[in-house]
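Enquirer: Generate a structure from the sequence data that follows.
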Amino acid sequence: MKKFLFACAAIGAIAGPAWAQSNVTVYGIIDASLARSSSETAPTKISVDSGNWYGSRLGFRGSEDLGDGLSAIFQLENGFSVDTGNLGQSGRLFGRHAWVGLKGSLGMLRVGRSWTPAYCALTDTIDPFEDGMAGAAGAFFGRNVFNAIDIRMQNALFYTTPTVGGMTGEVAYALGEVAGNSKAGRQLSTVLTYVGGPLRAVASYNEMNNATGTGAAKLYFGGARYDFGPFKLHIGLDRQKTDNAGVLTTDANDTIVALTIPVGRGTILASYNYLNDRSPANADMKQAAIGYKYELSKRTTLYTSYGHINVNDANRVMVGIRHRF
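Expert: Here you go, the predicted model:
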């Protein structure tokens, strides 16, 4: 027994310096809400939902200092439904994030599965609802990619440049991994971000090839958020074009104008989306939404929102709670 304890102590002494250079964080979000949906074409539904604002999740992220300003980094993030306990993202164990990489003076390189840079530009800059609640913009803005295909990329390489003069570039490339056809399922997502004073502006291009590499869903957009003090103004313009991609056929432009208004410990959110359908169907759509979130603490937030889409007089209202740990 003494020999066993001595061996454990020796191993601990050797491993100690390596562990001292590393850190791992366990974190999560639990988001649950009561929602009511109605339209002219579907019966009214009342439900307890998960992740109506922020997807419920359990994650692990960490880094190791490798010296000379270089760090190894990783993130594993599981998605789940708090109302049922089921796994999210089609049952993937770490469907939200699963990547490993390096970060240093030349930027950050990651390998695995993560958000497309284009989707992050939408949620961080353009949409005050962060593509959540009843006011989510994803069903309009970039819908031929975010709503019809996926907001994440897998089998992918992600590179983020260092920030220079307020400018940061991001590019992600996903391999389709189809033998003999390098174009099949291939995806490219790029974003250029500028941050200076009260202004945050983005420009993005996203392209997703179909399963045979014979067509693609393409998305171009630009947008900005400007902090005037009493409120923030958000604007965004996109161009959506889907060419034989085997998903929702799209030829449209979308415009979003939105506001974020701080009020004490709360925040009022409002947005208006107009989708100009350029296809022969000419199926234009409009969405107006308003919401409110109230910070009970640094980790717990109450929220509510209402959204109306003119097509089929679709309405959705919800009240929820989000807790972070």
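Enquirer: Who are the contact partners of residue 181?
Expert: Residue 181 makes contacts with 212-213, as judged by Cβ atoms under 8 Å, 6 or more residues apart in numbering. (C-beta placed from N, C-alpha, C; glycine too.)
Enquirer: three-state assignment of it?
Expert: With DSSP: H, G, I helix; E, B strand; the rest coil as the basis, residue 181 sits in coil.
Enquirer: tell me the mean pLDDT for whichever strand or helix holds residue 315?
Expert: If you go by DSSP states H and E, residue 315 is part of strand 314-324. Strand 314-324 shows an average pLDDT of 97 in the prediction.
Enquirer: residues in contact with it?
Expert: By Cβ under 8 Å, 6+ apart, the residues outside strand 314-324 that reach it are 27-40, 49, 52-54, 133-134, 299-309.
Enquirer: Do I have it right that residue 209 meets residue 243?
Expert: No - contact between residue 209 and residue 243 fails when scored by Cβ atoms under 8 Å: they sit 9.9 Å apart.
Enquirer: Now, the contacts of strand 314-324 that are in strands?
Expert: Among those, the residues falling in strands (DSSP state E) are 27-38, 49, 300-309.
Enquirer: Of the residues you listed, select the buried ones using a ChimeraX command.
Expert: This is the ChimeraX syntax for the buried subset of the ones in strands among the contacts of strand 314-324, where burial follows 16 or more other Cβ atoms under 10 Å:
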select :29,30,31,32,33,35,37,49,301,303,304,305,306,307,308,309
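Enquirer: Residue 209 and residue 243: who's more crowded?
Expert: For the pair residue 209 and residue 243, the greater number of neighbours falls to residue 209 (24 against 14), based on other Cβ atoms under 10 Å.
Enquirer: who does the more buried one bridge with?
Expert: With DSSP bridges applied, the residues forming beta bridges to residue 209 are residue 216.
Enquirer: residues in contact with it?
Expert: Contacts for residue 209 were tallied using Cβ under 8 Å, 6+ apart; they are 176, 183-187, 215-216, 245.
Enquirer: Could you measure from it over to residue 203?
Expert: Between residue 209 and residue 203 the computed distance is 22 Å (Cβ to Cβ, to the nearest Å).
Enquirer: same thing with residue 322?
Expert: With the distance defined as Cβ to Cβ, residue 322 ends up 30 Å from residue 203.
Enquirer: ok, those two, which is more surrounded?
Expert: Taking neighbours as other Cβ under 10 Å, residue 322 and residue 203 compare with residue 322 leading, 22 against 15.
Enquirer: so the more buried one bridges to which residues?
Expert: Beta-bridge pairing for residue 322 (DSSP bridges): residue 31, residue 301.
Enquirer: end to end, how far does stretch 168-185 reach?
Expert: Criterion Cα to Cα, to the nearest Å; first-to-last residue distance in stretch 168-185 is 27 Å.
Enquirer: Correction: the previous question concerned stretch 109-120.
Expert: From start residue to end residue, stretch 109-120 stretches across 17 Å - Cα to Cα.
Enquirer: Surely residue 222 and residue 237 touch.
Expert: Yes - the pair formed by residue 222 and residue 237 meets the contact definition of Cβ under 8 Å, at 5.9 Å.
Enquirer: Pick out whichever of the two has more residues nearby.
Expert: Under the criterion of other Cβ under 10 Å, the comparison of residue 222 against residue 237 puts residue 222 first, with 17 against 14.
Enquirer: And the helices in the protein?
Expert: 2-20, 117-121 (DSSP state H).
Enquirer: worst average pLDDT in those helices?
Expert: Across the helices of the chain, the lowest-scoring stretch is helix 2-20, with a mean of 40.
Enquirer: which of the contacts of residue 209 count as buried?
Expert: The neighbour-count criterion (16+ other Cβ under 10 Å) marks 176, 184-187, 215-216, 245 among these as buried.
Enquirer: tell me the contacts of residue 88?
Expert: By Cβ under 8 Å, 6+ apart, the residues touching residue 88 are 51, 55-56, 78-81, 95-96.
Enquirer: How about residue 256: what's its closest non-neighbour residue?
Expert: Using Cβ to Cβ, 6 or more residues apart in numbering and skipping the chain neighbours, the partner closest in space to residue 256 is residue 236 (4.5 Å).
Enquirer: Show the contacting residues for that neighbour.
Expert: When the contact criterion is Cβ under 8 Å, 6+ apart, the partners of residue 236 are 122, 125-127, 137, 141, 221-224, 254-256.
Enquirer: And it, how far from residue 311?
Expert: For residue 236, the distance to residue 311 equals 20 Å [Cβ to Cβ].
Enquirer: all strands in the stretch 201-325 of the chain, in order from the N-terminus.
Expert: For the stretch 201-325 of the chain, the strands defined by DSSP state E, counting those that start in this stretch cover 216-227, 232-243, 251-263, 266-277, 285-295, 300-309, 314-324.
Enquirer: Looking at these, which is nearest to residue 74?
Expert: Residue 74 lies closest to strand 314-324 among those, at 20.3 Å (Cβ to Cβ).
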